[in-house]
Every structure is written in structure tokens, then in C-alpha cells.
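*Asks:* give me the fold of what follows.
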Amino acid sequence: MLLITGGMPITFKSELSWLGYGRAGPVPIPVIIMFLVIFLFSIFAKYTEAGRGLYAVGNNERAAILSGVNSKNLKCLSYVITSTLCAIVGIIVAGNLGTADQSMGIGYEMDVIAAVVIGGVAMSGGEGHVWGALIGASIMGILRNAFILLGISSYWQSIVIGAVILAAMTVDIIRGKKRE
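*Replies:* Alright, predicted model coming up:
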């Protein structure tokens, strides 16, 4: 991407841009898409064989395989779902900004990890809910906004986010040991 663009962002106008900046009444389209995805994946995780199988593989892949779960297909499905959602998010962000840049999204991975761990998703796998991840993401959004409003340096923001991840993982480990 850097070679093709020479490191420069690409501005564009597209029919899909409304996904990033459009509104349905007072509600932004990205918010509608977010709740639709959360609703659909809540149903998928709870009521489908594949959704329950993903939890089983995440919790203990060997036990899941011994139970008859096809872990290779489920892993492939999870990659397809993840890449599809990433593409949708890319379209939304590019549409919102009216530009595509190869550096968009760099650094988001730490926020995502922190959000899902805060939301109760176990790092060891097999535990957590989509709605919990939404709550964790909301907390991360509030933290990021507070950092900006308080004028806190991005370096300190990374340190605080790292500390939040460590604290959430420690709680996750302690919870896991109590269950054993």
C-alpha cells in the first residue's frame, strides 16, 4: 500500500461513504450497524451450533475436538467473520473521513484487547459475551475521551491502557483460578 500510494492518503467520493457519515434521523448509520452486528452475533453465539462450537474451541480445543467439534472449520469461519467485519469497519471509517490511509487503525489493537478483557471476555478463551465487549468498548471510549479532554500525552495514554489491560488480565486470571 505504501509503494502504491507513495505514503499519501487517498481522497475519494463513493456511494458507500454514507455508511460512515450518514444518519437515520438523529442516529448515525455506524451506530445502527454496530447494534445490528452485536444483536446478530449475540444470537449466533448463543443459538447456533457454530457459535457454541467457537466457545468450546476457545475454551479447550482438544476437548472440543474429542466432542466432535470441527475446530479447523470453526477457526476458518472465525477468520472469515473477522475479516468481513474489518472490511465493513474500513468502509465506515474511510467513508466517515472521505480518505483512505494505510496507517488507519494502527494502535487500535490495544484498545480492542483492553475493551474485550474489561468486558469480561476471558483471555484463555471460551468465556464472554458480545454485550460485555460493548460495555468494555464504551469504557475505553470514555477513557480515550477523558485523556483528550485532560490533554494527557499519547505516551501516557498507552501506559494507562497497558495498565488497564494488565489489571483486567489479572482479574481474569484470579477469576479463572477461583473456578478451578
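
*Asks:* residue contacts, the closest residue in space to G7 that isn't next to it in sequence?
*Replies:* Nearest residue to G7 in three dimensions, chain neighbours excluded: Q102, at 7.5 Å (CB to CB, 6 or more residues apart in numbering). All C-beta atoms are positioned from the backbone trio N, CA, C, and that covers glycine. Applying CB atoms under 8 Å, 6 or more residues apart in numbering, we find Q102 in contact with M1, L2, T5, G7.

*Asks:* what about 7 Å?
*Replies:* By CB atoms under 7 Å, 6 or more residues apart in numbering, the contact set of Q102 is M1, L2, T5.

*Asks:* could those go into TSV alongside neighbour count?
*Replies:* TSV is the format used below for the contacts of Q102 (neighbours: other CB atoms under 10 Å):
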residue	neighbour count
M1	10
L2	9
T5	12
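
*Asks:* by pLDDT, rank the residues you listed and give me the bottom one.
*Replies:* Among the contacts of Q102, M1 has the lowest pLDDT, at 73.

*Asks:* against S103, how distant is the residue nearest in space to the middle of the chain?
*Replies:* The chain has V112 as the residue nearest its centroid, 5.0 Å off, counting by CA atoms, centre = their mean. Applying CB to CB, to the nearest Å, the value for V112 to S103 is 17 Å.
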